[in-house]
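Chemist: from the sequence below, what's the structure:
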Amino acid sequence: MEFVLLLIILLGLLFGLEMLLRKWLGVKKTSLSDTPAKNIDRWGRGIFLVIALGVFYFGIGGDLVVLFFWFWVVYLTALTFFQAYLQWKYIKESKEHLVTLLIYPIGIAALFAIAYLYS
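Modeler: As a prediction, the model looks like this:
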């Protein structure tokens, strides 16, 4: 139960930090689905998912907890940088990619903190 509460608190903090960053940078929320990158984003996420599941399947055999943790770190890293690139390329008038790139290390640090606390 305390794990779920910790996740809810961390997600709330990340959401609040994102709101503060948006206000500080003056960035309005813009979605990639409103741009020509809509299909590229869908295809890219699907390809990343297929590759990630394939790597995860072939990596099974060792310590599953460690494998699962690093799976999420690498998968979220790839998706974040892919999304930031598409935001930079297709939403030029916005600084949406900066918000994505600034939130990412905090989210990964939270993931490492959770892994440290519960290992």
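Chemist: pull out the buried positions in the worst-scoring helix or strand of the chain on mean pLDDT.
Modeler: When the helices and strands of the chain are compared on mean pLDDT, DSSP states H and E, helix 38-59 comes out lowest with a mean of 86. For helix 38-59, burial by neighbour count (16 or more other C-beta atoms under 10 Å) applies to 41, 44, 52, 56. Just so you know, the C-beta spots here come from the backbone N, C-alpha and C atoms, and that holds for glycine as well.
Chemist: same question, stretch 104-116
Modeler: Applying 16+ other C-beta under 10 Å to stretch 104-116 flags 104, 107, 110, 115 as buried.
Chemist: one step back: who touches the least confident helix or strand of the chain?
Modeler: 32-33, 67, 71, 74-75, 78-79, 82-83, 86 (C-beta atoms under 8 Å, 6 or more residues apart in numbering).
Chemist: which SSE is immediately downstream of it?
Modeler: Downstream of helix 38-59, the next assigned helix or strand under DSSP states H and E is helix 64-90.
Chemist: need the contacts of helix 38-59 in a markdown table with pLDDT, can you?
Modeler: Shown next, in a markdown table, are the contacts of helix 38-59 (pLDDT from 0 to 100):
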| residue | pLDDT |
| --- | --- |
| 32 | 83 |
| 33 | 83 |
| 67 | 78 |
| 71 | 83 |
| 74 | 89 |
| 75 | 89 |
| 78 | 93 |
| 79 | 94 |
| 82 | 95 |
| 83 | 93 |
| 86 | 94 |
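Chemist: are any of these buried, and which?
Modeler: Buried by 16+ other C-beta under 10 Å: 32, 71, 75, 79, 82-83, 86, out of these.
Chemist: among the residues you listed, which one sits closest to residue 24?
Modeler: Comparing the buried ones among the contacts of helix 38-59 against residue 24 with C-beta to C-beta picks out residue 83 as the nearest, at 20.3 Å.
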